[in-house]
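*Asks:* Any chance you could fold what I've pasted below:
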Amino acid sequence: MRDLLTISVDAMSGDRGASPAVDAVCAMLTEAPGLRVLLFGDEGQLNSLLSDLPADAAARVELRHAPDVVAMDEAPRDAVRRKKSSSMRLAIDAVKAGEAQACVSAGNTGALMAIARFALKTLPGISRPAIISAVPARGGRTCMLDLGANADCNARQLFEFAVMGTVVVSDIYAIERPRVALLNIGEEQIKGTDAIREAAAQLESSSLNYVGFVEGNDIFSGAADVIVSDGFTGNVALKTMEGLARFVALQTRRRFRKNWASRLAGLAALPVLRSLQASLDPRRYNGASLVGLNGIVIKSHGSADSVAWQTAIRSAMLEVDKGVPVQISRLLETQLTETQAP
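*Replies:* Got it, this is the predicted structure:
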C-alpha cells in the first residue's frame, strides 16, 4: 500500500451526516484503484454504511473511530481547544503525521481553518492561508480567493493570494500563465482601498500575469482566471452568487408552471434547460481548497451530496498529484526574489 494515494476523510461534520461522505468514498474507491481512505467518525455507524463495499475496495479503507464531532455553530477557538478527538481534528492530524496526503471535510469552515492552521502551520513566506474555489464563468471557470478566511487583508497578503491562486489554476486547470485580477469597485487605478492599490502596484512589478482590476459584474465574464480579494468581500460575492442562482432557478420554475402555454414552452425548452443546469451544477465546483498551509485540506460544502463529495475528493487527489503546497512555496520564493532585486 505504500504506492497508494491516501486521503483522510472527516465523515461526520457535514449537515447531512455520514451517509453522503461514505457513499462518495465507496464510489471513489471503485473509480480509483490507487486510492486509499482513512475514514474518521463513529465506528459503528461507518461500519454499517460500508457493509456492501466490494472486498477490493474494502481493503483500501481504514476506519478510525472519532468520538466527537465539531458542530456547525462551534466557535473555532473551542474546536481547537476542546475537540481534540473530533473527526475533523483527527483527520487533519493524519495529514500532519504523514499518514494521509490530504484531508477532506464538510464541516464548520472557521473551525476547519483554525484546526488546520494550528496543526499544519502555514508555508514559509505565507502570512495567512486563504480559501479558493472555482465559480462558473464564460469559457469555463474562474477561481476566487479569499472566500472568507481573512476579513481584513493588507497588500502583502493580497499579493500572496495572487501567487497561491496562480499555482492552483496553473496546476489544476493546466493554464500556463493564469490571468490574475483584483476585485475592486472600479477599473480605474484611483479606485479602491489603499491595500488594493498597493497590491496592484506589487502585482504590476511582478512576473505574474496581472491584468488589473475587475468589478463584481465581471466575475463571470472570463476576463481573469484568478480573482483576488479580501475574505469579507469574497465571501459576500460568493453568497450573493449562490442566492442569485437559487432565485433564478425558482423564478424559472414558477414561470414555466404558470399556465398551460408556459408548461408547453417549458417542455420544448427542457433539453436546453437541462444542459444549462448541468453546466451550472454547483456539485461540479464543490471542494474549496485551504491554500497556504503546509498540507492539503479541502473544504466540501456542508450540504454536499455524494456527487459533490466525490468532486471534493477528486480535487484533493489532484492537488496531491500536482504537489500544490510545494509549487506555492517555489513560486512565492521566486516572486520575492524578483521584487527585492535592485
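*Asks:* for the nearest residue to G140 once chain neighbours are set aside, phi and psi?
*Replies:* Nearest non-adjacent residue to G140, counting by C-beta to C-beta, 6 or more residues apart in numbering: G222, 7.3 Å away. To be clear about C-beta, it is placed using only N, CA and C from the backbone, and glycine gets the same treatment. For G222, the backbone dihedrals (degrees, to the nearest 10) come out as phi 80, psi 10.
*Asks:* Name all residues that make contact with G222.
*Replies:* Contact partners of G222, counting by C-beta atoms under 8 Å, 6 or more residues apart in numbering, are A137, R138, G139, G140, T142.
*Asks:* separation between the third one and P178?
*Replies:* Using C-beta to C-beta, to the nearest Å, one gets 13 Å for the distance from G139 to P178.
*Asks:* more crowded one of the two?
*Replies:* P178 (22 against 10; other C-beta atoms under 10 Å).
*Asks:* any idea of the pLDDT on the more buried one?
*Replies:* In this model, P178 is scored at 94, pLDDT.
*Asks:* Report the rounded mean pLDDT for stretch 226-235.
*Replies:* The model assigns stretch 226-235 a mean pLDDT of 93.
*Asks:* what's the answer for stretch 182-202, then?
*Replies:* pLDDT averaged over stretch 182-202 gives 90.
*Asks:* buried sites along it?
*Replies:* L182, L183, N184, G192, A195, I196, R197, E198, A199, A200, Q202 (16 or more other C-beta atoms under 10 Å).
*Asks:* Are we agreed that the first one is in a strand?
*Replies:* Yes: counting by DSSP: H, G, I helix; E, B strand; the rest coil, L182 is located in a strand.
*Asks:* Let me see the contact set for it.
*Replies:* Neighbours of L182 in contact, by C-beta under 8 Å, 6+ apart: L158, G192, I196, A199, A200, L203, G212, F213, V214, I227, V228, S229.
*Asks:* Report the contact partners of the first one.
*Replies:* In this case it means L158. Counting by C-beta under 8 Å, 6+ apart, the residues that L158 touches are L182, A195, I196, A199, V228, S229, D230.
*Asks:* L264: which of those residues is nearest?
*Replies:* Closest approach between the contacts of L158 and L264, by C-beta to C-beta: S229, at 44.1 Å.
*Asks:* I figured the closest one hits L238, correct?
*Replies:* No: applying C-beta atoms under 8 Å as the test, S229 and L238 come out as separate, 10.0 Å apart.
*Asks:* more neighbours, the two?
*Replies:* S229 (25 against 18).
*Asks:* Skipping adjacent residues, who's closest to that one in space?
*Replies:* Excluding its sequence neighbours, the residue lying closest to S229 (C-beta to C-beta, 6+ apart) is L183, at 3.9 Å.
*Asks:* distance of that neighbour from A155?
*Replies:* The value you get for L183 to A155, if C-beta to C-beta is used, is 14 Å.
*Asks:* ranges for the strands of the stretch 101-250 of the chain?
*Replies:* Ranges of strands in the stretch 101-250 of the chain, per DSSP state E, counting those that start in this stretch, are 102-105, 130-137, 140-145, 179-183, 209-214, 226-228.
*Asks:* want to try a markdown table for these, with distance to M72 as columns?
*Replies:* Formatted as a markdown table, those follow (distance: least, C-beta to C-beta, whole Å):
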| stretch | distance to M72 |
| --- | --- |
| strand 102-105 | 12 |
| strand 130-137 | 16 |
| strand 140-145 | 22 |
| strand 179-183 | 27 |
| strand 209-214 | 32 |
| strand 226-228 | 27 |
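*Asks:* I'd like the distance between G292 and R177.
*Replies:* Distance from G292 to R177, by C-beta to C-beta: 21 Å.
*Asks:* CA atoms only: put stretch 157-176 into CSV for me.
*Replies:* Extracted in CSV, the C-alpha atoms of stretch 157-176 (Å, rounded to 0.1, in the frame of the first residue of the first chain):
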residue,chain,number,x,y,z
GLN,A,157,-1.5,39.2,1.9
LEU,A,158,-3.4,40.0,-1.3
PHE,A,159,-0.1,39.5,-3.2
GLU,A,160,0.4,36.2,-1.5
PHE,A,161,-3.2,35.2,-2.5
ALA,A,162,-2.4,36.0,-6.1
VAL,A,163,0.7,33.7,-6.0
MET,A,164,-1.3,30.9,-4.5
GLY,A,165,-4.2,31.3,-6.9
THR,A,166,-1.7,31.3,-9.8
VAL,A,167,-0.3,27.9,-8.7
VAL,A,168,-3.7,26.3,-8.1
VAL,A,169,-5.1,27.4,-11.5
SER,A,170,-1.9,26.5,-13.4
ASP,A,171,-1.6,23.1,-11.8
ILE,A,172,-5.3,22.1,-11.5
TYR,A,173,-6.6,23.5,-14.8
ALA,A,174,-3.4,23.4,-16.9
ILE,A,175,-3.4,27.1,-17.7
GLU,A,176,0.3,28.1,-18.3
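*Asks:* just how off-centre is that stretch within its chain?
*Replies:* 13 Å (C-alpha atoms, centre = their mean, to the nearest Å).
*Asks:* before we move on, the earlier item: in helices, which of the buried residues of stretch 182-202 fall?
*Replies:* Here DSSP state H is the test, and the buried residues of stretch 182-202 give A195, I196, R197, E198, A199, A200, Q202 as lying in helices.
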